[in-house]
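A.B. asks: Fold the following.
(one chain, ligands or ions: 1)
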Amino acid sequence: MDESKLSPMMRQYLDSKKEYPDALLFYRIGDFYEMFFDDALTASRELDLVLTGKDCGLEERAPMCGVPYHAADSYVSKLVSKGYKVAIGEQVEDPKKAKGLVKREIIKVITPGTQTEETALEEGKNNFLLSIYLGEKKRGIVTVDITTGECYATAVDSSKECLDEISRFSPKEILINPSLKEEEELFSQINSRFSISLTEKEERFFSLTEADKLITAHFQSSIMGLGLSDQADLRRALGGCLSYLYDTQKNLLSHIRKIDFFQNKDYMIVDSYSQRNLELWETLREKKKRGTLLWVLDYTKTAMGSRMLRHFLERPLRDKKKIEARLDAVEEFTGHYIDMEELREYLDSIYDIERLLARISLSTANARDLLALKLSLQYLPDIKKALSPFQSSLLSKMGEEMDSLEDIYRKIEEEIVEEPPLSVKEGGLIKASFSKDVEDYRNAGVNGKEWLQELEARERDKTGIKNLKIKYNRIFGYCFEVSKAYQGEIPDYFIRRQTLAQGERYITTELEELQNRILGAEEKLKDLEYALFCTLREEIAEELPRIQKTARELAHLDAYLSLAKLAIKENYVRPRLSEGGSLFIKEGRHPVVEKLLEEEHFIPNDTSLEENQEIAIITGPNMAGKSTYMRQVALIVLLSAIGSFVPAKEAELPICDRIFTRVGASDDLAQGQSTFMVEMSEVANILRNATKQSLLILDEIGRGTSTFDGLSIAWAVVEYIARHIQAKTLFATHYHELTELEGKLNNVKNYCIAVSKKDGEISFLRKIIPGGADESYGIDVAKLAGVPEGVLSRAREISAFLSDNDFMQENKNIVAKEGGLETDDNLESQEKQTKNGAFEKGESKNGASGAKLLKSLNKLEDKPALTEGEEEVLRKLRSIIPEKISPFEACSLLFELKELLQ
Ligand SMILES: Nc1ncnc2c1ncn2[C@@H]1O[C@H](COP(=O)(O)OP(=O)(O)OP(=O)(O)O)[C@@H](O)[C@H]1O
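C.D. replies: Here you go, the predicted structure:
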C-alpha cells in the first residue's frame, strides 16, 4: 500500500494500528467505532456487520464496518470471548474544538485475560491471565485476575507441572516468551488441549532489570522484601505480566496488592489428566459445571464464595492441622443450623465485592457499583455478631479479622442516591443533602421559572411598570422588556441591552445572577456530581486493603457454610485423618453419581486399603460400576483434603501427596497420539512419580493393545507398584488372570463387583465383594446394549471355542513363566519381554499359538486342492506369520482354520 497517498485520517488510523498490530482496532469516528481493512473483514464476519467501504486516498476503497459507540461494549465482549484482542482508539479532544484532524489515541486494549466488562465474565469463576517465563532451569508462572486483584506465583521444574498449573487455573490467556515455543511438547499441548488465547512477547519484554523495576514500583517493596531474590524466572514472568497489564489497561492497578506464593509440595497434587478424569470442575465431554464435583459442593451464596470453593478444590491441602481446622469450622456450623442459615441469609445480599473493588481501582465503577458495595456492607456488623459465638479456630478468627466497614457504608449512604443512573456523567447520582451546591444547582433547574416569575412581579411592583416582562433571547439571554410608553419610568439600576421597535431590553445585576444560576445549572450540576463521585470513588479506593481483606474473609465464610450445608443436605460425615496412612471407608458413595441418579438408589460400598494390603484388583463385568467405585474413593480422599465432610457412613482417610488416575481414553488423540501411546505415557508418569503416600486409580491398564501385551503390561504394573511403590491402588481390570496375583504378592487383594444371572439375564448388584469375578459377562452386557442377536450368538460360539481351546491358557502361562514371576524382575525387563511379543516365528518363547498357526499353514500347504476360502486363509497366514500378530487375530484365524480344515 502506498501510504503517502492515504488521506490524513487513514494515516492516523494506520499509525495507531501499528502500535497494536495483533489487536482489532475500534476507531472512534463521530458516533461510531469504525474498523478498516482486514480488521473490518474479520469483524464483519464475526459480528455479522455490513461491510462497506471508505475512500481512503487509494484507488480502491478501504473495507469498513462499524458499530454505534454506545453499543460497543457488547461487540467488544463478543470478539474477546472468541479469543480476539481489541484496541479502543478514542477521540481525545472535543471534535468541535479540534483544529483539523481530531486527535485520537488508543485508550485501552481488551484481551481475553484482561477484560473487565461484567457481562463478559463468568460468575463464580476467575478470569485469569497466566504468564510463563521459561528459563534455563525453572519455569516461572504468575497468574493474575485483574477483575478481583488476585495474583498467584510459583516456579516449577518441568513442562508437565506447567500444564498442571494451566489446567488448574484455566486461564483465558497465556503470555509466553519465545523460548517456550521451542519446548514443543508443552507448546503443542497448550495449543491443542486448551482453547486459550496465546500472546507471545519478545524476550526483552521479560527483561530482568525492567521486571525488577516494575515489581518494586508496583508492590512498593524491594525484591528481597518480597522474597524474590533467588527467583529470577518468576520475576521475569511477573514483570512481563505487570507490563502487559499496564499496557492494556493504561491505568493504575492498585487492587493487585499482594503476591500469593505457593509451592506444589504444600498441596495434594492432582495432575491435569486426573483433574479432567475426575471431572472436578468441568465435565469431560460437555465442559460444563453440572455433573462435576464442584457442582455438588457449591451451595455458596456469593460469587466470591463460589470462586473460593473452586480454589479449595484446585489445591487440596496436605497439612493435617489446616485440614482439621477447616473440618472444625464445617462441623461447628453443622451443629448450629439456625445460626448457619442466618449467616447464609446475610450472604444472600452480598455482591461480588472483589470485582466491585477492581472496578473502583480501575476507575470504571459507576454509582450503581458503589451502591452495590454499600448494600454488601450493610449486614457486616450483623455477620460479625452472628459469628461471635463460634469457637473453632478459623471461625473465631474470622469474626475478629472482618472489618465492619461502617465508615465506608456511611460515606456511600450519605452521598449516593438510592437509584442512580448507569452513567456517571449525566448527573442524578449525588444526594442534594450531601452538598449545598448540588442542592442549589438542582433547585435552579427545577425552580428557575418560579424565580424568574418572582423577580418579574417584584420589579413590576417596584417600578410601577405594569407590562414589565422577563423574556429570553438567544443572544442576550434573560432581559426585562419595557415598551416605549414606559421609557420614562426606567430605574437607574436597569442596564440597557438592546433597542427594539416597540421598546427596550434591560438587565439588572440580580437578573444576571439568576440567569447564571439557571442557565449553567444543568451543566454545572453534571460536572459537580461527576467530580464528587470521582472523589468518593478515590476515597474508597484508598481503603482498598481493608475492604479486600474483609471480602476475602466473606469468601472463606461462604465456602465453609457451603460445605456445612452440603454435609447436612447430602448426609456426609466428618472423616478421621489417619495417622498411619490407612484408608477405610464404610458405605462410601460417589458424590456426583449419587446426585445424578436422583430417584434411583445409589448402592454404597466399603473400601479398605491398609498398610501391607494397599492394592485392590477389581474385576467385574462392564457396567458393573468399577469406574464409579474407584472414582468415588478418589473423590472422597480429595474431599477430605479440602476440609469437607465425605459421602460415607464412616471414613478414615490418609492425607495423600498425589492422586493419579488412569481412566478411560484421554482427549489427546487430537494431538496425533494413539490411545495406547497416551495410556502408556500416563502409566509411565505414574510409575515414575507415585510414592507410598499416593493414591492410584488405574482403570483397565493395557486394554489399548493386544490382549497378550495388555495383560503382560497390566501384570507387570501391578507387580511394580506392589514391590517398589506400595501406593494405595485401585486397579480395575478385565484380565481375570490378574487375580492370581493375590496369592503371589501379599499386599494385593482381589475384589469384584457382584452381578446375578437368572434365566440368562444379568442384573447388576453394584456391591463390591472380596474375591475375583467368575465370568466376564461381556456378551450379556452387549445384549443389554441391544447388539443384534445374530452377532451375540456368533460371539457365544467364538467364546465357547476360545475357552475350549487352550490358546488363552497358553498365553497366560507364557506371561506367568516369562513375566519373571519367580525371579526378581524389574519393569524394564518386563517391558522388553512384552515388546518381543509371543508370536514371532521361530522363537521358542513365541509359545504354542505361533506353533499352532505354523502347523495350520503347513497343513494347508500340503493340501492338494484348496477352496477359495482356504486360499484366502493361506494367503493371510503367509503374510502374517513372519510378523507379529495380536492374540485376537491369531484366535480368529485359528477359528477360521478350524472350520475350513474340518
Ligand atoms: N454403586 C452404585 N449404585 C448405583 N448405580 C451405580 C453404582 N455404581 C455404578 N452405577 C451405575 O452404573 C453405571 C456404570 O458404572 P461404571 O461406568 O462405573 O461401570 P464399569 O464397571 O466401570 O463399566 P466399564 O467396565 O464398561 O467401564 C454408572 O453410570 C451408574 O449409573
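A.B. asks: can you pull the contacts of Asn637?
C.D. replies: Asn isn't right for residue 637; it's Val. 583, 653-654, 656, 659, 695 (Cβ atoms under 8 Å, 6 or more residues apart in numbering). For every residue, glycine as well, the C-beta is placed using N, CA and C.
A.B. asks: how about the longest helix along the chain: buried residues?
C.D. replies: The longest helix of the chain (DSSP state H) is helix 509-542. Judged by neighbour count (16 or more other Cβ atoms under 10 Å), helix 509-542 contains these buried residues: 511, 514-515, 517-518, 521, 524-526, 528-530, 532-533, 536-537, 540-541.
A.B. asks: again with stretch 547-567
C.D. replies: Using 16+ other Cβ under 10 Å as the test for burial, stretch 547-567 gives 547-548, 550-567.
A.B. asks: Run the chain-centre distance for it.
C.D. replies: Chain-centre distance of stretch 547-567: 19 Å, with Cα atoms, centre = their mean, to the nearest Å.
A.B. asks: Export it to PDB, keeping only CA atoms.
C.D. replies: Output of stretch 547-567 as PDB, limited to C-alpha atoms (Å, rounded to 0.1, in the frame of the first residue of the first chain):
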ATOM      1  CA  ILE A 547     -12.200  -3.900  52.100                       C
ATOM      2  CA  GLN A 548     -10.300  -6.600  50.200                       C
ATOM      3  CA  LYS A 549      -9.400  -8.300  53.400                       C
ATOM      4  CA  THR A 550     -13.000  -8.400  54.600                       C
ATOM      5  CA  ALA A 551     -14.100  -9.600  51.100                       C
ATOM      6  CA  ARG A 552     -11.600 -12.500  51.400                       C
ATOM      7  CA  GLU A 553     -13.000 -13.400  54.800                       C
ATOM      8  CA  LEU A 554     -16.500 -13.400  53.500                       C
ATOM      9  CA  ALA A 555     -15.400 -15.700  50.600                       C
ATOM     10  CA  HIS A 556     -14.000 -18.100  53.100                       C
ATOM     11  CA  LEU A 557     -17.100 -17.900  55.300                       C
ATOM     12  CA  ASP A 558     -19.300 -18.600  52.300                       C
ATOM     13  CA  ALA A 559     -17.100 -21.600  51.300                       C
ATOM     14  CA  TYR A 560     -17.300 -23.100  54.900                       C
ATOM     15  CA  LEU A 561     -21.000 -22.500  55.100                       C
ATOM     16  CA  SER A 562     -21.400 -24.200  51.700                       C
ATOM     17  CA  LEU A 563     -19.500 -27.300  52.900                       C
ATOM     18  CA  ALA A 564     -21.600 -27.400  56.100                       C
ATOM     19  CA  LYS A 565     -24.800 -27.100  54.100                       C
ATOM     20  CA  LEU A 566     -23.600 -29.900  51.800                       C
ATOM     21  CA  ALA A 567     -22.800 -32.100  54.800                       C
END
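A.B. asks: quick one: which of the contacts of Val637 has the most company?
C.D. replies: Using other Cβ atoms under 10 Å as the neighbour test, the contacts of Val637 are led by Leu695, with 28 neighbours.
A.B. asks: and that residue, what are its bridge partners?
C.D. replies: Ile659, Lys728 (DSSP bridges).
A.B. asks: Correct me if wrong: it contacts Asp657.
C.D. replies: No - using Cβ atoms under 8 Å, Leu695 is not in contact with Asp657; the gap is 9.1 Å.
A.B. asks: and the closest residue to Leu468 other than its chain neighbours, how far is that from Leu500?
C.D. replies: Leaving aside its chain neighbours, Leu468 sits nearest to Arg460 (4.6 Å; criterion: Cβ to Cβ, 6 or more residues apart in numbering). Per Cβ to Cβ, to the nearest Å, Arg460 is found 19 Å from Leu500.
A.B. asks: and if you look at Asp780?
C.D. replies: Counting by Cβ to Cβ - Asp780 and Leu500 are separated by 108 Å.
A.B. asks: between the two, who's got more neighbours?
C.D. replies: The neighbour comparison of Asp780 against Leu500 (other Cβ under 10 Å) goes to Asp780, with 20 against 12.
A.B. asks: Now name the helix or strand holding the more buried one.
C.D. replies: Applying DSSP states H and E as the criterion places Asp780 in helix 778-784.
A.B. asks: now Ala153
C.D. replies: Short version, using DSSP H and E: Ala153 is in strand 150-156.
A.B. asks: what's in contact with that strand?
C.D. replies: 126, 138-145, 162, 165, 169, 231, 233-234, 237-238, 256, 258-264, 354.
A.B. asks: Of those residues, which belong to strands?
C.D. replies: Within the contacts of strand 150-156, residues falling in strands by DSSP state E are 139-145, 260-261.
A.B. asks: Which of the residues you listed are buried, as a ChimeraX select command?
C.D. replies: Entered in ChimeraX, the line below selects the buried ones among the ones in strands among the contacts of strand 150-156, by 16+ other Cβ under 10 Å:
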select :139,140,141,142,143,144,145,261
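A.B. asks: Out of the ones in strands among the contacts of strand 150-156, which two sit at the greatest distance?
C.D. replies: Pairwise distances among these were taken by Cβ to Cβ; the largest, 20.2 Å, belongs to Arg139 and Asp145.
A.B. asks: Name the nearest of the contacts of Val637 relative to Tyr69.
C.D. replies: Among the contacts of Val637, and counting by Cβ to Cβ, the member closest to Tyr69 is Ile659, at 51.2 Å.
A.B. asks: For the stretch 151-300 of the chain, which residues score under the pLDDT cut-off?
C.D. replies: For the stretch 151-300 of the chain, the stretches with pLDDT under 70 are 192-195.
A.B. asks: show me where it has helices.
C.D. replies: 159-169, 179-182, 184-193, 208-219, 232-249, 272-277, 293-297 (DSSP state H, counting those that start in this stretch).
A.B. asks: Next up, phi/psi of the residue lying closest to Asp247 once chain neighbours are set aside, please.
C.D. replies: Leaving out its chain neighbours, the residue that sits closest to Asp247 by Cβ to Cβ, 6+ apart is Val109, at 7.0 Å. Per-residue torsions, Val109: phi -120, psi 130 (degrees, to the nearest 10).
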